[in-house]
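Participant: A structural model of the following input is requested.
(chains A and B)
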Protein chains: 2
Amino acid sequence: MPQGQPTSVPNDGLTTRQRRNRPLLMVHTGIGKGKSTAAFGMALRAWNQGWPIGVFQFVKSAKWKVGEENALKALGATGEGGTVAWHKMGEGWSWVQRDLHGDNTDNEDKAREGWEQVKRDLAAETYTFYVLDEFAYPLHWGWIDVDEVVRVLRERPGTQHVVITGRNAPQALLDAADLVTDMSKVKHPMDAGQKGQRGIEW
Amino acid sequence: MPQGQPTSVPNDGLTTRQRRNRPLLMVHTGIGKGKSTAAFGMALRAWNQGWPIGVFQFVKSAKWKVGEENALKALGATGEGGTVAWHKMGEGWSWVQRDLHGDNTDNEDKAREGWEQVKRDLAAETYTFYVLDEFAYPLHWGWIDVDEVVRVLRERPGTQHVVITGRNAPQALLDAADLVTDMSKVKHPMDAGQKGQRGIEW
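Facilitator: Residues are numbered from 1 along each chain as shown, chains lettered A, B, ... in the order given. Got it, this is the predicted structure:
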């Protein structure tokens, strides 16, 4: 993308420098590939800035992001950039269970516990860059209250950037976000019978 | 995304294992954020597989991907995963010059030189994972022949995965691709007068 210029300059009394350092809330949604992958790619830039990075995986399966997890942890361990803390909620269980069983109390609890940890870290300004991976799902399903999430994010102290991924991000979250990207599927190998493959899908 | 299942199984005589290891051509296009970022995120998975990674930047400015470059080079240097080779074509010049000056012979030459290098590496199977970053632009502008690119990619030997990024990817390239994702802009801070900021945009 060519270097961007704002299409308008807001009358908000902020200097360009202040606006440059504004904490951003970003959402990657849509049914296409690349939502989480782009969030982890952004973490590379955060690492290069020396920012503490916190990843919170509201995951479906422990194995699916192992490539990103190993790589980002290895980067954090180099000591040349930011640190990387990796949190997994409900490791090993599957969102798919929601469709198979009526009772998701356990999953809901785990998702809410994860959000409670995110709240504590935001209040303590533990990280500068947060990846709340697949967080749109528990919001969409009503497991976590969207209004509370929006309020906590709006009121977060300091300069803490947050990127949230997942399909079906609720409108209230999109409204609150500074940047929203929708990843659309144009063509996918699985449509042609291709199965997921090592190094590409995980 | 829940673990995917193919919607159909092709009658191509291949085993699932063979289909799992098929070399993939992937394209990230559209006007939204995340095209390159997702490609570099994919490189994390490739690194975790121990695959040699070749990045070819058909760049606009040397500084814009410095975060990804530093991070992926640092990863490559750990020796724990794949190697990372980073190639920049036409370092420092700007695509924007195309609109300002009539003569782009120099830029066109540099883009073509980059493609010639990619061709040599594909023939030699130098890498397992290629990022041809912003490569859609010189194709769109007719600087490099799309039909030749498609032919070379179709005939590439061995198992070499290639991801191409950039707006306006030509239809012939999309037709040849196994996976195409379109990144759409839903909302961007620059629309609200926000300028690009360190750690987020580069």
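Participant: okay, now the residue nearest to A:M89 when sequence neighbours are not counted: neighbour count?
Facilitator: Of all residues not flanking A:M89 in the chain, A:G114 sits nearest, at 3.6 Å (C-beta to C-beta, 6 or more residues apart in numbering or on different chains). All C-beta spots, glycine's among them, are computed from the backbone N, C-alpha and C. When neighbours are counted by other C-beta atoms under 10 Å in any protein chain shown, A:G114 registers 22.
Participant: next one: the one 3 residues further on
Facilitator: Residue neighbour count, defined by other C-beta under 10 Å, stands at 15 for A:Q117.
Participant: which residues touch it?
Facilitator: A:56, A:87 (C-beta atoms under 8 Å, 6 or more residues apart in numbering or on different chains).
Participant: Is it part of a helix or strand, or is it coil?
Facilitator: helix (DSSP: H, G, I helix; E, B strand; the rest coil).
Participant: For it, report the pLDDT, please.
Facilitator: In this model, A:Q117 is scored at 92, pLDDT.
Participant: Also A:I200?
Facilitator: So, for A:I200, pLDDT stands at 71.
Participant: got it, and A:F58?
Facilitator: At A:F58, pLDDT is 87.
Participant: before we move on, what about A:R20?
Facilitator: 59.
Participant: re earlier: what kind of secondary structure is the residue nearest to A:M89 in?
Facilitator: helix.
Participant: got it, and A:V186?
Facilitator: Here A:V186 is strand, with the state taken from three-state DSSP.
Participant: contacting residues around the closest residue to it other than its chain neighbours?
Facilitator: Nearest residue to A:V186 in three dimensions, chain neighbours excluded: B:V180, at 3.7 Å (C-beta to C-beta, 6+ apart). B:V180 sits next to A:185-188, B:26-27, B:29, B:169, B:174 when contact means C-beta under 8 Å, 6+ apart.
Participant: out of the residues you listed, which is most surrounded?
Facilitator: B:V27 (28 neighbours).
Participant: closest to A:H161 among the contacts of B:V180?
Facilitator: Distances from A:H161 to the contacts of B:V180, taken as C-beta to C-beta, are shortest for B:T29 (25.7 Å).
Participant: chain center to the helix or strand where the residue nearest to A:V186 lies: distance?
Facilitator: Here B:V180 sits within strand B:179-187, counting by DSSP states H and E. Computed by C-alpha atoms, centre = their mean, to the nearest Å, the chain-centroid distance of strand B:179-187 equals 15 Å.
Participant: And stretch A:134-147, by the same measure?
Facilitator: 13 Å.
Participant: do the same with stretch A:124-131
Facilitator: For stretch A:124-131, the distance to the chain centre is 12 Å (C-alpha atoms, centre = their mean).
Participant: One more: stretch A:159-171?
Facilitator: The answer for stretch A:159-171 is 6 Å, by C-alpha atoms, centre = their mean.
Participant: before we move on, back to that, just name the closest of the contacts of B:V180 to B:R45, please.
Facilitator: For the contacts of B:V180, the closest approach to B:R45 (C-beta to C-beta) belongs to B:M26, at 12.2 Å.
Participant: so that closest one touches B:V163, yeah?
Facilitator: Yes - the pair B:M26 / B:V163 is scored as a contact, 4.3 Å apart, by C-beta atoms under 8 Å.
Participant: Who are the contact partners of A:P138?
Facilitator: Residues near A:P138 by C-beta under 8 Å, 6+ apart: A:58, A:108, A:111-112, A:115, A:144.
Participant: so which of the residues you listed is the most crowded?
Facilitator: Busiest of the contacts of A:P138 [other C-beta under 10 Å] is A:F58, holding 28 neighbours.
Participant: Ignoring the adjacent residues along the chain, who's closest to that residue?
Facilitator: What sits nearest to A:F58 in space, not counting adjacent residues and going by C-beta to C-beta, 6+ apart, is A:E134, at 4.4 Å.
Participant: For A:V55, see how far away the one you found is.
Facilitator: 11 Å (C-beta to C-beta, to the nearest Å).
Participant: all helices for chain A, in order.
Facilitator: A:16-20, A:35-48, A:66-78, A:97-100, A:105-124, A:136-140, A:146-154, A:171-176 (DSSP state H).
Participant: Pull out the buried residues from the longest one.
Facilitator: Of the residues in helix A:105-124, those scored as buried under the neighbour-count criterion (16 or more other C-beta atoms under 10 Å in any protein chain shown) are A:107-108, A:110-111, A:114-115, A:118, A:121-122.
Participant: so A:F58 touches A:H140, yeah?
Facilitator: No - A:F58 is beyond contact range of A:H140, at 11.2 Å (criterion: C-beta under 8 Å).
Participant: Common neighbours of these two, please.
Facilitator: With C-beta under 8 Å, 6+ apart as the test, A:F58 and A:H140 both reach A:G166.
Participant: Might one say that A:V186 is in contact with B:D178?
Facilitator: No - the criterion here is C-beta under 8 Å, and A:V186 misses it with B:D178 at 11.3 Å.
Participant: Which residues are in contact with each of B:M26 and B:V163?
Facilitator: Between them, B:M26 and B:V163 share the contacting residues B:M42, judged by C-beta under 8 Å, 6+ apart.
Participant: who's in contact with the nearest residue to A:T159 once chain neighbours are set aside?
Facilitator: Distance criterion C-beta to C-beta, 6+ apart; nearest residue to A:T159, sequence neighbours excluded, is A:P23 at 4.8 Å. For A:P23, the contact set (C-beta under 8 Å, 6+ apart) comprises A:156, A:158-162.
Participant: Mind doing that once more with 7 Å?
Facilitator: For A:P23, the contact set (C-beta atoms under 7 Å, 6 or more residues apart in numbering or on different chains) comprises A:156, A:159-161.
Participant: Can you give me the neighbour number for A:I31?
Facilitator: 14.
Participant: in the sheet, who's paired with the nearest residue to it once chain neighbours are set aside?
Facilitator: Once flanking residues are discounted, A:I31 sits nearest to A:K185: 5.5 Å by C-beta to C-beta, 6+ apart. Counting by DSSP bridges, A:K185 is bridged to B:T181.
Participant: is it true that A:K185 touches A:G34?
Facilitator: No - counting by C-beta atoms under 7 Å, A:K185 sits too far from A:G34 to count as a contact (9.7 Å).
Participant: shared neighbours of the two, anything?
Facilitator: By C-beta under 7 Å, 6+ apart, the residues touching both A:K185 and A:G34 are B:T181.
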